[in-house]
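J.: below are the sequence and a predicted model; questions follow.
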2 protein chains.
Amino acid sequence: MSETDLSQALFPHARDAVRALRPSQIREVANAGFGLDDVLPFWFGESDRVTPPFIRNAASEALAAGATFYTHNLGIAPLRAALAGYVSTLHGATAVDHVAVTSAGVNALMLAAQLVVGAGDRVVEVTPLWPNLVEIPKILGAHVETVALDYGPRGWTLDLERLLTALTPATKLLMLNSPNNPTGWVMTRDEQRTVLDHCRRNGIWVIADEVYERLYYAGHEHGVAPSFLDLASRDERVICVNSFSKAWLMTGWRLGWIVAPAQLMDDLGKLIEYNTSCAPAFVQQAGLAALQQGEAFTQQLVGELKASRDHLVRALSALPEVDVKAPAGAMYLFFSLPGAAAGSLDLCKALVRDARIGLAPGSAFGPEGEGFVRWCYACDTARLDEGVARLRRFLEGRWAAERA
Amino acid sequence: MSETDLSQALFPHARDAVRALRPSQIREVANAGFGLDDVLPFWFGESDRVTPPFIRNAASEALAAGATFYTHNLGIAPLRAALAGYVSTLHGATAVDHVAVTSAGVNALMLAAQLVVGAGDRVVEVTPLWPNLVEIPKILGAHVETVALDYGPRGWTLDLERLLTALTPATKLLMLNSPNNPTGWVMTRDEQRTVLDHCRRNGIWVIADEVYERLYYAGHEHGVAPSFLDLASRDERVICVNSFSKAWLMTGWRLGWIVAPAQLMDDLGKLIEYNTSCAPAFVQQAGLAALQQGEAFTQQLVGELKASRDHLVRALSALPEVDVKAPAGAMYLFFSLPGAAAGSLDLCKALVRDARIGLAPGSAFGPEGEGFVRWCYACDTARLDEGVARLRRFLEGRWAAERA
């Protein structure tokens, strides 16, 4: 090989669409705190509590029993049956042939996107938003248009007309996350009905990311957020994505599921085969235990999260110049901080470095999130109090410096 | 919504590229045996043995210790370090920043393909081949051209000139599996060198699926098959994919890894985030135990597989009109059977229905595999003998029917 050949071969890079994907700004902030062992981490979307023992034990028992083989692409039969029962209880009759097990909620989103969109397709999303929903269609060559939520006296709200205008007949897919990460915004039943009717008329698919549906504090209907599954038939262009991560504290297990038209299941099975083939058998057994024995746990968890939310809203509201409202869902406060408008990424790096408090910058969730920070309140109130105390000292230091 | 709108909304289907993906013919055969409890299953690429206890225990201990949280996208640090050490031992110095953990070998293939190919790209593959390698680029909108191996007195061989001719300058990627599933064909070191030089000159990426590298029976170089890692620098356009499934009997765990240029790792980390985010933490701990304590186990396993291979070759060779050769790698015999030329799918359905023996049809691995069947010999010799006895009775019945 000549020198020229060698230089051509070296320094390879990924294709442009992949290089253009956003890296995680949350990780960039976390890296700024690397080596600091006394940081209070509120930046990730994860509780600080370990998965409950009855779920961990189910996995260990399955391992001891030898559940180490491939499973059916769509999941083991008892888990699919339990999921169909669970979904039926929450959202009306749902047969097993509408349910598939996936290797995480994000994997379910990737699979659902692969089912529906390819190169050149137009996708619409409501932002600020967990970046994964926005970036996944781009990996498949699709174009993503965003419609921003508004922030006002009632917190984060949707201008429904703006969304409907964006959902043109040339749109292939609406990809929507409610309850929303990072804002906690929850789409109302009426909004869902209007959007679904519009999408039906225009032949637009809906992928609804409802992984936070149980983390809903408005209290209607068993404490479950409004779902597209409540309105849609099981055989129309609606794919609902969910996960064991939030309601059973199983983030690290990478287990999710999809509810979709039965007519899609053969094609979904092929995509699962070509993406991960199946979730680990013993992980699926743990998911089964979560569904069969976990309802009381989930209800208690949601009560604790609501208390944490209210506690943090009160504590932050006591800070001068901090504007914060209690959202109806998820496990985050997404609020403005003095100094964030000039750059939430820089502010969050300063917060971790100077105050040892880890928050996620609003800009991590799209330009629409700039000026805000995200605080995950899935921890005990003592830790929240210490975080607020550190934030207060940080802000007071800044104000003192400004006055000086 | 009008009746017309409703009929438009109902009966949705996946996009054309997904509908065109091949479903598994192996599963179609397995379905033909559904409800029959006395079938001897040689159809799947999986040992009949459970994962060894020291690996299962490592996962259970990690679960007990609370390893239920998200990990770094590229994997936990000790596993990446152990993988770098393992790869360095087999194939020369490999730093940690060239290694990423994935949610299965097939997931590694999907991620590697996402890194490199998009809509309209040209991909070349050598067949017969495990369908996953052929179908993955199609999900991303790429075109796949195949170059068929030849079957002759020396078993399966590659016409190297034909492959080089197919690797035009307009080709983006060569995706190659050696040792090969289903044929057991192993690309020689010289062939690899010629192909790599050609790809360098033409700016073609290589994704090498080397998950069967330890299942190599020619005995050179620690019993490891020739690898592109032995020839390539770590910074050129070569991505090697591997898995814990075969060498440590961990099929159901869905754990794999990628060795790639360090310059790709940031982009690979983003893709992992958007596909599965990470492999479960306790599964990664099990992989660490496999690497740290599993070498003797793997070496013994390979010896047993070699003995099974030789046993089955002898037993099948004793059947009239059955042509079978011992391949250098993997865990399959891919051989012609009387009647397979007329349709291996129909023959395999008849075999499961009438003789209770489960084989994979050659056509499952592309049209180039028609006329053959695949037998996975990863089981004890008693089961192999019973399988051969059933096959003999089936063939004798057919011959008797033909003579009558």
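T.: Arrived safely.
J.: dump the residue contacts of the one residue in the stretch 1-150 of chain A that gets nearest to chain B.
T.: Nearest to chain B in the stretch 1-150 of chain A, going by C-beta to the nearest C-beta, is A:A119, at a distance of 3.5 Å. The way it works is simple: take the backbone N, C-alpha and C, and place the C-beta from them, glycine included. The contact partners of A:A119, taken as C-beta atoms under 8 Å, 6 or more residues apart in numbering or on different chains, are A:L140, A:G141, A:A142, B:G118, B:A119, B:G120, B:G141.
J.: and it, backbone torsions?
T.: phi -60, psi 130 (degrees, to the nearest 10).
J.: repeat that for A:Y151.
T.: Dihedral angles for A:Y151 - degrees, to the nearest 10 - are phi -110, psi 120.
J.: count the residues that sit near it.
T.: Residues near A:Y151, counting by other C-beta atoms under 10 Å in any protein chain shown, number 21.
J.: next one: A:L319
T.: 16.
J.: between which two of the contacts of A:A119 is the distance greatest?
T.: For the contacts of A:A119, the farthest-apart pair by C-beta to C-beta is A:A142 and B:G120; their separation is 14.7 Å.
J.: neighbour count winner among those two?
T.: A:A142 (21 against 12).
J.: pull the contacting residues for that one.
T.: Taking C-beta under 8 Å, 6+ apart, one finds A:A113, A:V117, A:G118, A:A119, A:G120, A:D121, A:R122, A:V123, A:K172, A:L173 in contact with A:A142.
J.: check A:S245 too.
T.: Contacts of A:S245 by C-beta under 8 Å, 6+ apart are A:E46, A:A104, A:G105, A:V211, A:T251, A:W253, A:L255, A:G256.
J.: could you pick out which of these are near chain B?
T.: A:E46, A:A104, A:T251, A:W253 (C-beta under 8 Å from any C-beta of the partner chain).
J.: where is pLDDT lowest across the residues you listed?
T.: On pLDDT alone, A:E46 ranks lowest of those, at 93.
J.: buried residues, stretch A:107-120. List them.
T.: Buried residues in stretch A:107-120, counted by 16 or more other C-beta atoms under 10 Å in any protein chain shown: A:N107, A:A108, A:L109, A:M110, A:L111, A:A112, A:A113, A:Q114, A:L115, A:V116, A:V117, A:G118.
J.: cool, and stretch A:76-83?
T.: Buried positions in stretch A:76-83, judged by neighbour count with 16+ other C-beta under 10 Å: A:I76, A:L79, A:R80, A:A81, A:A82, A:L83.
J.: let's have those in TSV, adding secondary structure.
T.: Converted to TSV, the buried residues of stretch A:76-83 look like this (DSSP: H, G, I helix; E, B strand; the rest coil):
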residue	secondary structure
A:I76	coil
A:L79	helix
A:R80	helix
A:A81	helix
A:A82	helix
A:L83	helix
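J.: related to what we said a few turns ago, between the contacts of A:A119, which sits nearest A:G362?
T.: Within those, proximity to A:G362 (C-beta to C-beta) peaks at A:A142, which comes in at 24.8 Å.
J.: where do the helices sit along the stretch 301-404 of chain A?
T.: Ranges of helices within the stretch 301-404 of chain A are A:344-355, A:381-403, based on DSSP state H, counting those that start in this stretch.
J.: looking at those, which is nearest to A:F54?
T.: For A:F54, the closest of the helices of the stretch 301-404 of chain A is helix A:381-403, at 25.0 Å, according to C-beta to C-beta.
J.: give the contact list for the closest residue to A:L345 other than its chain neighbours.
T.: Nearest residue to A:L345, sequence neighbours excluded (C-beta to C-beta, 6 or more residues apart in numbering or on different chains): A:P361, at 4.4 Å. Contacts for A:P361 (C-beta under 8 Å, 6+ apart) come out as A:Q25, A:I26, A:V29, A:A340, A:S344, A:L345, A:L347, A:C348, A:G369, A:V373, A:R374.
J.: what's the farthest-apart pair in these?
T.: Greatest spacing in those, by C-beta to C-beta: A:I26 and A:A340 (14.8 Å).
J.: which non-adjacent residue is nearest the residue of the stretch 201-350 of chain A found nearest chain B?
T.: Closest contact between the stretch 201-350 of chain A and chain B, by C-beta to the nearest C-beta, is at A:D267 (4.0 Å). Distance criterion C-beta to C-beta, 6+ apart; nearest residue to A:D267, sequence neighbours excluded, is B:A14 at 4.0 Å.
J.: what about the one you found, is that helix, strand or coil?
T.: Look at B:A14: counting by three-state DSSP, its state is coil.
J.: what's around it, how many residues?
T.: For B:A14, the tally of surrounding residues (other C-beta under 10 Å) stands at 21.
J.: re the thing from before, which PyMOL command selects the buried ones in the ones next to chain B among the contacts of A:S245?
T.: Provided next is the PyMOL selection string for whichever of the ones next to chain B among the contacts of A:S245 are buried by 16+ other C-beta under 10 Å:
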select buried, chain A and resi 46+104+251+253
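J.: and the two most separated of the ones next to chain B among the contacts of A:S245?
T.: A:E46 and A:A104 (13.0 Å).
J.: could you say which helix or strand holds the residue of the stretch 201-350 of chain A closest to chain B?
T.: helix A:265-275 (DSSP states H and E).
J.: quick one: mean pLDDT over that helix.
T.: On average, helix A:265-275 scores 97.
J.: returning to what we had before: columns neighbour count and pLDDT on top of the contacts of A:P361, output as a markdown table?
T.: As requested, the contacts of A:P361 are exported to a markdown table (neighbours: other C-beta atoms under 10 Å in any protein chain shown; pLDDT from 0 to 100):
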| residue | neighbour count | pLDDT |
| --- | --- | --- |
| A:Q25 | 21 | 92 |
| A:I26 | 22 | 90 |
| A:V29 | 26 | 92 |
| A:A340 | 23 | 87 |
| A:S344 | 28 | 96 |
| A:L345 | 20 | 96 |
| A:L347 | 23 | 96 |
| A:C348 | 30 | 96 |
| A:G369 | 27 | 95 |
| A:V373 | 29 | 97 |
| A:R374 | 29 | 97 |
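J.: return the member of those residues nearest to B:R56.
T.: For the contacts of A:P361, the nearest to B:R56 is A:I26 (33.8 Å; C-beta to C-beta).
J.: ok, that closest one - contacts?
T.: A:I26 neighbours (C-beta under 8 Å, 6+ apart): A:W43, A:F44, A:A360, A:P361, A:A364.
J.: swap the cut-off to 10 Å and go again
T.: A:43-45, A:131, A:182, A:345, A:348, A:358-361, A:364-365, A:374 (C-beta atoms under 10 Å, 6 or more residues apart in numbering or on different chains).
J.: are any of these buried, and which?
T.: A:43-45, A:131, A:182, A:345, A:348, A:358-361, A:364-365, A:374.
J.: narrow those residues to those in strands?
T.: A:G358, A:A360, A:P361, A:R374 (DSSP state E).
J.: so which of the residues you listed is the closest to A:N57?
T.: Closest to A:N57, out of all of these and judged by C-beta to C-beta, is A:G358, at 31.4 Å.
J.: quick one: the helices in the stretch 101-250 of chain A?
T.: A:105-116, A:131-139, A:160-166, A:189-202, A:228-231.
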